[in-house]
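Trainee: quick one: sequence and predicted model below, then my questions.
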Amino acid sequence: MMHTGCTVLLGFLLASAANAENPLQNDPHAADVGRGVFRIYCSPCHGIRGQGARGPDLTQAISGSGKSDDDLFRIVSEGSPGTEMPGFTGPLDEENRWRTVSYLRSIAGQRPAPLAGNPAAGRDLYWGKAGCAACHRINSKGGRQGPDLSRIGSARSASYLRESVLTPSADITPGYNAIVVVQKDGKKITGVERGYDNFTAQLMDSKEEFHSFDKAAVASMKLESRSLMPDTYGKLLSASELDNLLAYLSSLGRPEAGK
Ligand code: HEC
Ligand code: HEC
């Protein structure tokens with residue numbers, strides 16, 4: 001009798017979760033078990049303590065965002081369409097997905113916002129002296145050699161953005177490697193990858209012109225594991241300019257970050 005009652009109660013809680021809170025919110029072990037699940041499934045992108053890596057810093061992203069437990073559960077289940085955040089209905093059952101939500105709540109707001117810089121000064125730098133707009137678009141303005149940065153502040157952690165600016169070749173955004181082709185007359189053409197296989201290479205050069213090559217018709221073609229983004233910003237920018245630039249990048253796609 002007891003057993004049936006519990007099952008019915010659990011079923012009710014799971015069903016009623018559609019419009020409300022975490023059904024495990026009174027389970028004192030949920031966040032602990034969720035931490036273990038997080039380390040296996042989430043830490044490759046969000047860092048071992050959720051502090052962010054190539055994926056956003058979840059100790060901060062969640063607290064200011066007004067997201068409910070149910071919103072978080074939906075993101076963990078379905079992913080965020082059109083972004084690198086995958087859904088986990090396959091690898092994780094419903095209870096384990098709720099446990100990761102419990103864990104996320106336990107770390108939310110744990111760390112203060114670390115950005116010392118001034119985003120307005122960073123914006124001036126970005127569109128001016130630092131020349132970033134030559135290769136990157138923000139809200140449809142700018143160049144196309146590099147990835148669109150309109151939402152980069154909600155897609156990446158601050159530490160990852162710093163690394164992207166200082167050592168661009170350390171972790172190349174998939175689909176944005178450099179391609180170098182040497183033609184039979186010795187002419188060398190360098191650009192960003194737009195397609196590459198054993199027989200052909202497509203690239204976009206710094207004038208945003210598209211080129212397509214057959215391997216048989218050129219002296220050599222190579223997909224390089226380096227970025228076309230200059231690796232000299234650590235020298236060109238002062239420490240405070242870099243902080244300002246990062247504050248600007250971190251605000252992109254995160255309206256709450258400006259507050
Ligand atoms: C393959 C990398 C990857 C994995 C694995 C991953 N995430 Fe994400 N996650 C991301 C990225 C990238 C974003 C930012 C998406 C965007 O551009 O808005 C994100 C966003 C999120 C958000 C939304 C944050 C916000 O701003 O509201 C939550 C919550 C989240 N992830 C939780 C998880 C949990 C929990 C797991 C493990 C079950 C997980 N993620 C696994 C890459 C990943
Ligand atoms: C000559 C073109 C060029 C310039 C100039 C340039 N970038 Fe890039 N950037 C790229 C390319 C190509 C990539 C993708 C390869 C990689 O990951 O480095 C990239 C990648 C990035 C990324 C990582 C994006 C992601 O999806 O994770 C960030 C952030 C970035 N650039 C910011 C900047 C900033 C800020 C500036 C100015 C200080 C700048 N870039 C100047 C070409 C450029």
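Mentor: Received the coordinates, thanks. Numbers count the residues shown, from 1 in each chain. Ligands and ions are numbered 1, 2, ... in the order given.

Trainee: and the next element down the chain from the helix or strand hosting Ile40?
Mentor: Per DSSP states H and E, Ile40 falls inside helix 30-41. For helix 30-41, the following helix or strand on the C-terminal side (DSSP H and E) is helix 43-46.

Trainee: for that next one, buried residues please.
Mentor: Neighbour-count burial for helix 43-46 flags 43, 45-46 (criterion: 16 or more other Cβ atoms under 10 Å). In short, each C-beta sits where N, CA and C put it, glycine included.

Trainee: same question, stretch 166-184
Mentor: Neighbour-count burial for stretch 166-184 [16+ other Cβ under 10 Å]: 168, 172, 176-181.

Trainee: now, which of the residues you listed lie within strands?
Mentor: 178-181 (DSSP state E).

Trainee: give me the low-pLDDT residue ranges for the stretch 51-200 of the chain?
Mentor: For the stretch 51-200 of the chain, the stretches with pLDDT under 70 are 111-115.

Trainee: which strand or helix spans Gly122?
Mentor: Using DSSP H and E, Gly122 falls in helix 119-127.

Trainee: then stretch 171-179 to PDB, C-alphas only?
Mentor: Output of stretch 171-179 as PDB, limited to C-alpha atoms (Å, rounded to 0.1, in the frame of the first residue of the first chain):
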ATOM      1  CA  ASP A 171      41.000  26.200 -30.200                       C
ATOM      2  CA  ILE A 172      39.800  26.900 -33.700                       C
ATOM      3  CA  THR A 173      36.000  27.300 -34.200                       C
ATOM      4  CA  PRO A 174      34.900  24.300 -36.300                       C
ATOM      5  CA  GLY A 175      34.600  25.300 -40.000                       C
ATOM      6  CA  TYR A 176      37.000  28.300 -39.700                       C
ATOM      7  CA  ASN A 177      40.500  26.800 -40.300                       C
ATOM      8  CA  ALA A 178      42.900  28.400 -42.700                       C
ATOM      9  CA  ILE A 179      43.400  26.900 -46.100                       C
END
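
Trainee: got the residue ranges for the helices in this protein?
Mentor: Here the chain has its helices, by DSSP state H, at 2-16, 30-41, 43-46, 58-61, 69-78, 94-107, 119-127, 152-155, 158-166, 233-236, 239-251.

Trainee: mean neighbour count, those helices: which tops it?
Mentor: Comparing these by mean neighbour count (mean count of other Cβ atoms under 10 Å), helix 58-61 ranks first with a mean of 24.

Trainee: for it, packing partners?
Mentor: Other elements packing on helix 58-61 under the criterion 3 or more Cβ pairs under 8 Å, 6 or more residues apart in numbering; DSSP states H and E are helix 94-107.

Trainee: mind giving me the packing neighbours of the helix it packs on?
Mentor: Using 3+ Cβ pairs under 8 Å, 6+ apart, helix 94-107 sits against helix 30-41, helix 58-61, helix 69-78.

Trainee: identify the residues contacting the longest strand along the chain?
Mentor: The single longest strand within the chain, with elements called by DSSP E, is strand 188-196. For strand 188-196, the external contacting residues (Cβ atoms under 8 Å, 6 or more residues apart in numbering) are 145-146, 175-183, 201-206, 210-212, 223, 228.
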